[in-house]
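Visitor: What follows is a predicted protein model with its sequence.
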Amino acid sequence: MSKSTGLEGASSTLDSTASDDESVQNYPPPYIVEPTSPHTHTAILLHGLGSNGRAFGSFFLTASVLSNDKDSPYSRPLNVLYPSMKWVFPGASLRRSKRFKGIKLFSWFEIFSIQDPSYREETQTEGLIHSSQYLRDLIFEEVKMLKGAVGGEERVEKRIVLGGLSQGCAMSLTTLLSLDFSLGGWVGMSGFMPMRGIFEDALNADAQDGDKRTVLQRDTEQDESDVEALIDTQSIDPTVQALNTFRQNVLSLPPPDSRSPANVLETPAFYGHGNEDERVACRLGDELVRTLEGMHMSVKHQVYQGLGHWIQAPEEIDDMISVFSQYGAWPDHVDEHIAS
């Protein structure tokens with residue numbers, strides 16, 4: 001029997017989260033760089049607060065990769081190095097910022113304090129709901145396209161990398177955690193984790209309940225039915241409980257099957273941050289990584305010395321690609337396309 005990817009019924013799930021005051025039509029068309037050879041992989045990368053898909057995408061693709069030597073054939077734009085990769089740079093909607101006294105900004109969601117994302121975090125919910133809905137639509141569309149491109153392969157979502165910079169990092173992580181299936185990879189750069197307290201509370205509660213489970217295992221005199229009932233209430237993995245709470249209470253989504261593993265956490269992850277970032281403190285990245293690792297997610301974490309709020313090119317891009325290449329989420333570069 002084939003393993004479910006969690007894609008079934010996606011349309012009805014997305015439709016249930018739509019509202020009249022904001023729809024996916026508020027989002028500008030993504031900046032897309034099509035592959036120049038047969039399509040095998042897709043990267044969906046999100047810009048930060050106040051930026052846009054084209055500006056971020058243009059920079060990202062032209063960042064040097066694999067070598068600092070400008071004479072090397074490997075220091076070419078990423079779309080030249082990886083001609084089978086489709087690059088999708090979505091754009092956030094134009095929103096009136098309460099933090100900036102009603103000024104319109106391109107933003108994925110409202111945020112009052114970047115240094116303390118938990119401050120007035122209830123204002124983030126509306127944007128998180130609508131933006132994650134929009135981004136899930138993009139992911140499902142890419143899954144369909146890849147299935148056609150690679151001949152109906154069963155797990156084509158493993159060929160998709162999702163990620164972002166700054167607020168785009170936060171939004172891409174929210175979108176990832178809203179899925180019922182894993183992707184090929186997630187990359188976060190100089191960002192933070194929205195609603196992190198929900199996950200921390202679930203993990204901490206599980207640790208506090210550890211003694212109760214130990215006593216239960218030792219007690220052989222309890223009535224068997226009582227023991228089974230207590231085990232049943234405690235058998236749900238705390239990470240699944242946290243995902244259920246996040247999806248229901250924050251994103252207004254139905255939870256996945258609580259008895260199945262949290263498949264989305266099987267997504268390989270890379271996270272990079274500069275230690276001199278004065279806009280989004282490096283400690284917020286440390287907290288993000290610690291929470292994901294507490295949920296048993298595999299995260300390659302790299303702190304770049306002397307880097308502020310930006311991408312360390314080419315090193316950070318090199319590091320990202322080296323991680324995802326191990327899992328087949330990134331195509332091999334094609335030498336004949338980059339020869340001098």
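Guide: Looks like it came in fine. Numbering: from 1, shown residues only.
Visitor: When you work out contacts or count neighbours from here on, use the C-alpha atoms and nothing else.
Guide: OK.
Visitor: what's in contact with the host helix or strand of residue 291?
Guide: Per DSSP states H and E, residue 291 falls inside helix 282-294. Helix 282-294 is contacted from outside by 190-193, 196, 199-200, 203, 271-276, 298-299, 301, using Cα atoms under 8 Å, 6 or more residues apart in numbering.
Visitor: Now, those that are in helices?
Guide: In helices, defined here by DSSP state H, the members of the contacts of helix 282-294 are 196, 199, 200, 203.
Visitor: Wait, residue 84 touches residue 331, no?
Guide: Yes. Using Cα atoms under 8 Å, residue 84 is in contact with residue 331, at 7.1 Å.
Visitor: sorry, back to before: now do the helix holding residue 291, average pLDDT.
Guide: Mean pLDDT, helix 282-294: 97.
Visitor: what kind of secondary structure is residue 163 in?
Guide: strand (DSSP: H, G, I helix; E, B strand; the rest coil).
Visitor: ok, now residue 141?
Guide: helix.
Visitor: separation between residue 314 and residue 164?
Guide: Residue 314 sits 16 Å away from residue 164, going by Cα to Cα, to the nearest Å.
Visitor: thinking again about what came up before, so for residue 84 and residue 331, which residue has more residues nearby?
Guide: residue 84 (22 against 19; other Cα atoms under 10 Å).
Visitor: And that one, what's its pLDDT?
Guide: With respect to pLDDT, residue 84 has a value of 95.
Visitor: What are the neighbouring residues in contact with it?
Guide: With Cα under 8 Å, 6+ apart, residue 84 has these contacts: 35, 36, 37, 38, 39, 40, 41, 331.
Visitor: give me the number of residues near residue 194?
Guide: 21.
Visitor: That one: what's it in contact with?
Guide: 117, 118, 121, 170, 171, 174.
Visitor: In ChimeraX, select just the buried ones from those residues.
Guide: One line in ChimeraX is enough to select the buried members of the contacts of residue 194, burial here meaning 16 or more other Cα atoms under 10 Å:
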select :117,118,170,171,174
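Visitor: Between the contacts of residue 194, which sits nearest residue 318?
Guide: Set against residue 318, the nearest of those by Cα to Cα is residue 170 (21.5 Å).
Visitor: so the host helix or strand of that closest one versus helix 282-294, what angle?
Guide: Using DSSP H and E, residue 170 falls within helix 167-177. For helix 167-177 against helix 282-294, the angle by axes from the mean of the first three to the mean of the last three Cα atoms, to 10 degrees is 10 degrees.
Visitor: If you count contacts, what does helix 167-177 end up packed against?
Guide: strand 41-46, helix 125-149, strand 160-165, strand 185-189 (3 or more Cα pairs under 8 Å, 6 or more residues apart in numbering; DSSP states H and E).
Visitor: now that helix and helix 125-149, what's the angle there?
Guide: Using the same axes, to 10 degrees: helix 167-177 against helix 125-149 is 70 degrees.
Visitor: contacting residues around helix 167-177?
Guide: Contacts for helix 167-177 (Cα under 8 Å, 6+ apart): 45-49, 107-108, 128, 131-133, 135-136, 162-164, 186-194, 243, 264-265.
Visitor: go with 7 Å
Guide: Contact partners of helix 167-177, identified using Cα atoms under 7 Å, 6 or more residues apart in numbering, comprise 46-49, 108, 132, 135-136, 162-164, 188-189, 191-194, 264.
Visitor: Tell me what angle it forms with strand 160-165.
Guide: Using the same axes, to 10 degrees: helix 167-177 against strand 160-165 is 140 degrees.
Visitor: can you give me the angle helix 167-177 makes with strand 41-46?
Guide: Going by the same axes, to 10 degrees, helix 167-177 makes 120 degrees with strand 41-46.
Visitor: Show the average pLDDT along helix 167-177.
Guide: 98.
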